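K.L.:
okay, here's the prediction I keep looking at, along with the sequence it came from:
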Amino acid sequence: MRAANKGERGENRAMAKARAASRSNRALAGNTIAFQGEAGANSDMACRSAFPYMTTLPCPTFETAMAAVQAGKAELAMIPVENSIAGRVADLHSLLPHTKLKIVAEHFQRVEHCLVALPGTTLKSIKTAKSHVQALSQCRNFLRKHHIAPLVHADTAGAAREIAEVGDRSVGAIASSLAARIYDLKVLARNIEDADHNTTRMLVFSREEAQPDWRTVQCMTAFLFRVKSVPAALYKALGGFATNGINIVKLESYLSGAHFEQAQFYAEVEGHPEQRGLRLALEELGFFSEEFKPLGTFPAHPFRRKGWEAPTRPGT
C-alpha cells in the first residue's frame, strides 16, 4: 500500500512538473514574435523596434513563421509585404487564402544598411560584399564608389554570420547594425543605401482578431475577394466603395486556379466594418463576388499621416 502511495505521489509530482512546464511554455510563446530570416535580419530588427518587450523567433520561411503562431509557439508573426524601392513581397499572397490568422497591426521599418566586417578590418581592405540581392542592388552606388564587388547571398543576416565564421578580412557583408552586434562584427559604414526613403511595410498576424475602436482610432481593413467571371464584374464590385466614400488604399490581383481563369484580389481600405459606409460597400462587394475572406481590421500606423516625422521609437 505504501509503495502504491509512493508511486501515486511520484506520478502526481511528475504531472505537476509537466503542467508547470506547459504553463511556462505557453507564457514564453505569449511573449514571442516570429519572423522570417536569421537572427539579426531586418525583420528581426523590425520586431524588436515595434515590440521591444517580446522575444524574437527566427524562422526559415514566411510559412513557418505563420505556422509558429498557428501552433501556439509564438503570439505574433511579423511579415514584410512591400518595400518603397523593391515593390511588393509576393510570397505572402500564396499563404493568405489558406491562413486562419488575422492581421492585427502594421509597421513601417526604415531600412538602414550597414557594411559590416571582422573586427580590425578597414574599409579599404574590403574587396567583396555579401548580402541579399535586393540589399546589394539598394547599395549599388556605395559599392561602385569603393570598388567593392557584390556577391549574392540568401540572407543579409546569414551573410554577416558567414563572414564571422569564415574569417576572411577581404570580405564584408551588407546587413543591419543588429546583425553586427549579434555576430561580433565591426560596422565600417552606416546608411549606405542609395535612397534615404528605403522603407519596408510589415503586417503583424495573430490567432486573435484586433478590436480597435473606430470612434477613437483610424482603422484599416484587409480582405481577399474573387469576382464572378462576367463582364465588368470588378467595376461593379468596387462601385460601392466609390458611392460610399471609402478610400481603397491597396488593390492587388493575382491569378488562381489550375487554368488561371480567375483573378483573386487582395485589398486594404480605410475604415472599420462597423462604420456605415464601409459596411454598405462590403455588402455590395459581396453581391458581385464569388468568394470573400476578411483578413482583419487594425489601427492605421502614424507613418501614413506624417511619414518619418511621426512619433515613433528610434529605428522604427
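P.N.:
Everything's here; your move.
K.L.:
pLDDT below threshold where in the stretch 201-316 of the chain?
P.N.:
256-261, 307-316 (pLDDT under 70).
K.L.:
let's see 80
P.N.:
228-229, 255-262, 305-316 (pLDDT under 80).
K.L.:
that one: helices as residue ranges?
P.N.:
Assigned by DSSP state H, counting those that start in this stretch, the stretch 201-316 of the chain shows helices spanning 233-243, 276-287, 303-306.
K.L.:
quick check: angle from the longest one to helix 233-243?
P.N.:
When you say that, I think you mean helix 276-287. Angle, helix 276-287 to helix 233-243, by axes from the mean of the first three to the mean of the last three Cα atoms, to 10 degrees: 170 degrees.
K.L.:
spatially central residue in the chain, please.
P.N.:
Nearest to the geometric centre of the chain sits I79, at 1.7 Å (Cα atoms, centre = their mean).
K.L.:
which stretch of helix or strand covers that one?
P.N.:
Element membership of I79 [criterion: DSSP states H and E] is strand 76-83.
K.L.:
who's in contact with that strand?
P.N.:
Contact with strand 76-83 is made by 32-36, 43, 46-47, 50-51, 54, 62, 65-66, 68-69, 88-89, 92, 101, 104, 107, 111, 134, 198-206, as judged by Cβ atoms under 8 Å, 6 or more residues apart in numbering. (Each C-beta comes from the backbone N, C-alpha and C, glycine too.)
K.L.:
quick one: average confidence on it?
P.N.:
What strand 76-83 shows for mean pLDDT is 95.
K.L.:
next secondary structure after that strand?
P.N.:
strand 87-88.
K.L.:
D168 and A129: what is the separation?
P.N.:
Per Cβ to Cβ, to the nearest Å, D168 is found 12 Å from A129.
K.L.:
thinking again about what came up before, restricting to C-alpha, output the strand holding I79 in PDB.
P.N.:
In PDB, the C-alpha atoms belonging to strand 76-83 read as follows (Å, rounded to 0.1, in the frame of the first residue of the first chain):
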ATOM      1  CA  LEU A  76       2.600  37.100 -33.300                       C
ATOM      2  CA  ALA A  77       4.300  36.900 -36.600                       C
ATOM      3  CA  MET A  78       5.600  40.000 -38.500                       C
ATOM      4  CA  ILE A  79       5.800  39.600 -42.300                       C
ATOM      5  CA  PRO A  80       7.100  42.100 -44.900                       C
ATOM      6  CA  VAL A  81       4.600  42.900 -47.600                       C
ATOM      7  CA  GLU A  82       6.100  45.700 -49.600                       C
ATOM      8  CA  ASN A  83       9.200  47.900 -49.900                       C
END
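K.L.:
I'd assumed A164 was in contact with L118.
P.N.:
Yes. When contacts are counted by Cβ atoms under 8 Å, L118 is listed as touching A164 (7.1 Å).
K.L.:
that older thread, any of the contacts of strand 76-83 buried? List them.
P.N.:
Buried members of the contacts of strand 76-83, counted by 16 or more other Cβ atoms under 10 Å: 32-36, 43, 46-47, 50-51, 54, 62, 65-66, 68-69, 89, 92, 101, 104, 107, 111, 134, 198-206.
K.L.:
let's see which of those residues end up in helices.
P.N.:
Taking DSSP state H as the definition of helices, the buried ones among the contacts of strand 76-83 contribute S43, A46, C47, A50, F62, A65, M66, A68, V69, Q134.
K.L.:
among those, list the two that are farthest apart in space.
P.N.:
V69 and Q134 (25.3 Å; Cβ to Cβ).
K.L.:
re the thing from before, more neighbours: D168 and A129, which one.
P.N.:
A count of neighbours by other Cβ atoms under 10 Å puts A129 above the other of D168 and A129, at 28 against 14.
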